[in-house]
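Q: how would this look folded up:
(2 chains)
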2 protein chains.
Amino acid sequence: MQYSYMTRLFCPKCGRNYDPEQIHQLCTCGSPLLVDYDYEELKKVWTKESLAARSSNIWRYHELLPVRKEENAVTMGEGGTPILPVSKMGEKYGISHLFMKDEGLIPTGSFKARGAAVGLSKAKELGVKKFAMPTNGNAGAAWSLYAARAGLEANVVMPVDAPVTTRKECAASGARLWLVNGLISDAGKMVGELVGKKGYYDASTLKEPYRIEGKKTMGLEIAEQFNWEVPDVILYPTGGGVGLIGIYKAMVELQKLGWISSDKIPRLVAVQADGCAPIVKAWEEGKQESEFWNNSKTGAFGINVPKAIGDFLVLDAIYQTKGCAVSVSEEAIQLAQLDVASKEGLFICPEGAAVFAAAQKLREEQWIKEDDTVVLLNTGQGIKYADDLEAEVPVLEPGDSLV
Amino acid sequence: MQYSYMTRLFCPKCGRNYDPEQIHQLCTCGSPLLVDYDYEELKKVWTKESLAARSSNIWRYHELLPVRKEENAVTMGEGGTPILPVSKMGEKYGISHLFMKDEGLIPTGSFKARGAAVGLSKAKELGVKKFAMPTNGNAGAAWSLYAARAGLEANVVMPVDAPVTTRKECAASGARLWLVNGLISDAGKMVGELVGKKGYYDASTLKEPYRIEGKKTMGLEIAEQFNWEVPDVILYPTGGGVGLIGIYKAMVELQKLGWISSDKIPRLVAVQADGCAPIVKAWEEGKQESEFWNNSKTGAFGINVPKAIGDFLVLDAIYQTKGCAVSVSEEAIQLAQLDVASKEGLFICPEGAAVFAAAQKLREEQWIKEDDTVVLLNTGQGIKYADDLEAEVPVLEPGDSLV
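A: The predicted model follows:
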């Protein structure tokens, strides 16, 4: 048995192959690269029953991950996040089987840990020493902290408006950090120059091929947690869209292995904010790629991405699964966040709240049916954004009475 | 098979018994009450091998928890937190087998979720509708959010200096919240009046018997994660001390079941801050109880408890296991927090950092031996205290160069 059954990197646009034992970034045609595995061999040597004896973190799926040697896995116990019934919200929305996968229960407090764990493990295995990346906050925090554990140097550029907690995480990790008075697209340009001139590894979203493999584990977990009977609909807050691409890749791979039925794949929904909805616009127009969204703005900071490099892969996943794309208002996001905290006890992030609001909207539009099994991805902890929440609380002196 | 094998409540001080099917708070003698189980019957009907097929949350140990009916378990997936090697810190301290159990990876971001999950599940089962409690922040956040999920009304009083994030969590949950310009002991007095006059359930630390059962699961998990060969030393940041009492109770119960050897129990260490060290003082003086610590102060806010109601149980656990109590300076706490983030990638809370500093001190004093297997409990996420951390970061304009 091998630890990983990765066979090659390939370009989903032009089909070109790359040797996975060497460092690669984008394809020469400009497209992100994807990882391929030996599914035929895996069908012979790997069973889903073998998972029972493994620990619950993402490395339980190591055969379908790109890290060659177990000792190169940089881990802080990421993965195995719970899928929780959210039945009071389900009742409110009129959805009988409503669940939330809680990606707040993961190192660094957001789902970005999955991409960072696999991305940095592979970077370390390939001999990378220094990398650079732009971030809306959570990815930078995750990559900085995993870099500290791996012993790599992180160079991170973040919009000044990104959640302050993520800035503190980067700083505590010892990363080299800059803030930019602009958007992640501005940060991306600065990183581009840094990478070009210094020769750092470019860890920008989808400019390295491996974070998607980490994000893929969300899809593997969902399938396993539903005992290999996949849900009908999965809603995902979409900025760069790597998680949605990853979940789709997971489902296709599980079909190739015969672990889930080839007759059913969950309908994937890309959720965006009204103030930044390039994927929604492209989907509504039936296009294969999105256009840059000018003057983008949303309090759900992680999905403030005006143009994603993997937009064509996100749209393809939506089309292939008969999914859709939908945007929600800032008011709906804020309302959902408080609603979920006070009804379900789950203090979720604004991006996760956007997904709840989207479920309500799609149910109202009858796109989601009453008896659909629906999984909502909460991508991180509400406490990371606690600054954004007002709380007027009376202050008393010792000895004052509450009665 | 029963879901729970609880038999009675009993007073560890005067030995009096109480019916566990009714609401009880303290013993008439003033002592906290503890939960007893039918260990003889459990030895016949329950095996540790049966755990393999169960999910990783705390309810995998339901036979040793006080909730009678599975449907009363209020859960958000708490438990199953990872034990991670922290080998770079181990190298620095000269401890060969150093591990950290990460209680940041749990709903509400701190280990208080365990006590809240079991405490509120049992309160709900007993028919409680409203409760009140004082808190240093994290417990109030956990109990408020679990109360929202359970459908109970939370009344919480918190020092104004407690971490602001925990205030936001309480507010988001819809709890009734007051701040007091004082310490948790001042908050406790105000809760006492509220409870007395309104008849609310008193959910103050150890004034209800069940949160300790939730905290106990940390000990059960440690034993299971070390494959029932318990570590030599466990260090725990000690405010109210419920976790330490719980871990000790877990070890004794596992010995009664024959799941761990009766020859070895981990030496338990209560870690406090120099600015609030009543347990350390009592232990150094060989006493059975602590005295109120005047003008207590520490940035590790969760352990700013000048007098714990369960102090005699904490001290007993230390004496019985040949453990010790040790305090550390604010400087050592802050240094350890940044050291652990930048070397191990783990952004831990100040209370967790105090435990690292204590391990270093005890190793220097030779109390911890080089080849001891040592587990450090990080009780919550660093991001909850992100406000306390300075981060000077350059702010650039779009188009500026980083090279």
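
Q: contacts, neighbours, all on C-alpha from now
A: OK.

Q: Touching, residue A:117 and residue A:79? I think so.
A: No - the pair residue A:117 and residue A:79 does not pass the contact test of C-alpha atoms under 8 Å, sitting 10.1 Å apart.

Q: any idea how far the most centrally placed residue in chain A lies from residue B:216?
A: The geometric centre of chain A, computed from its C-alpha atoms, lies nearest to residue A:243 (C-alpha atoms, centre = their mean), at 3.7 Å. As judged by C-alpha to C-alpha, to the nearest Å, residue A:243 and residue B:216 stand 36 Å apart.

Q: helices or strands up against the one helix or strand residue A:251 maps to?
A: Element membership for residue A:251 (DSSP states H and E) is helix A:242-257. Helix A:242-257 makes packing contacts with helix A:39-45, helix A:211-225, strand A:267-273, helix A:311-320 when contacts are defined by 3 or more C-alpha pairs under 8 Å, 6 or more residues apart in numbering or on different chains; DSSP states H and E.

Q: again, 6 Å this time
A: Using 3 or more C-alpha pairs under 6 Å, 6 or more residues apart in numbering or on different chains; DSSP states H and E as the contact test, the elements touching helix A:242-257 are helix A:211-225.

Q: Can stretch A:105-113 be said to contact chain B?
A: Yes - if you take C-alpha under 6 Å from any C-alpha of the partner chain as the test, stretch A:105-113 does meet chain B, through A:105-106.

Q: Residues in contact with that stretch: which ones?
A: Stretch A:105-113 has contacts (C-alpha atoms under 6 Å, 6 or more residues apart in numbering or on different chains) with A:78, A:103-104, A:139, A:142, A:379-381, B:105-106.

Q: Surely residue A:336 is in contact with residue A:353?
A: Yes - Residue A:336 is in contact with residue A:353 according to C-alpha atoms under 6 Å; the separation is 5.3 Å.

Q: out of those two, which sits in the more crowded spot?
A: residue A:353 (30 against 23; other C-alpha atoms under 10 Å in any protein chain shown).

Q: does the more buried one belong to a helix or a strand, and which?
A: helix A:350-364.

Q: Show me what that helix is packed up against.
A: On a contact count with 3+ C-alpha pairs under 6 Å, 6+ apart, helix A:350-364 meets helix A:330-344.

Q: what do you get if the cut-off is 7 Å, keeping everything else the same?
A: strand A:233-237, strand A:267-273, strand A:324-328, helix A:330-344, strand A:373-378 (3 or more C-alpha pairs under 7 Å, 6 or more residues apart in numbering or on different chains; DSSP states H and E).

Q: Output that helix as CSV, nothing but the C-alphas.
A: Coordinates of the C-alpha atoms in helix A:350-364 are reproduced here as CSV (Å, rounded to 0.1, in the frame of the first residue of the first chain):
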residue,chain,number,x,y,z
PRO,A,350,-21.3,36.0,8.4
GLU,A,351,-20.4,33.8,5.4
GLY,A,352,-22.1,30.8,7.1
ALA,A,353,-25.1,33.1,7.9
ALA,A,354,-25.3,34.0,4.2
VAL,A,355,-25.8,30.3,3.5
PHE,A,356,-28.7,30.1,5.9
ALA,A,357,-30.3,33.2,4.3
ALA,A,358,-29.8,31.6,0.9
ALA,A,359,-31.5,28.4,2.0
GLN,A,360,-34.5,30.4,3.0
LYS,A,361,-34.6,32.2,-0.3
LEU,A,362,-34.3,29.0,-2.3
ARG,A,363,-37.0,27.3,-0.3
GLU,A,364,-39.3,30.3,-0.9
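
Q: interface residues of the stretch 201-350 of chain A facing chain B?
A: A:338, A:341-347 (C-alpha under 7 Å from any C-alpha of the partner chain).

Q: Tell me which residues touch residue A:114, please.
A: With C-alpha atoms under 7 Å, 6 or more residues apart in numbering or on different chains as the criterion, the residues that contact residue A:114 are A:78, A:214-215.

Q: How about residues contacting the helix holding residue A:353?
A: A:93, A:235-237, A:271, A:300, A:302-303, A:326-328, A:332-333, A:336-337, A:368-369, A:376-379.

Q: change it to 6 Å
A: By C-alpha under 6 Å, 6+ apart, helix A:350-364 touches A:93, A:237, A:300, A:332-333, A:336-337, A:368, A:378-379.

Q: Turn the residues you listed into TSV, including pLDDT.
A: Shown next, in TSV, are the contacts of helix A:350-364 (pLDDT from 0 to 100):
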residue	pLDDT
A:93	98
A:237	98
A:300	94
A:332	98
A:333	97
A:336	98
A:337	97
A:368	98
A:378	98
A:379	97
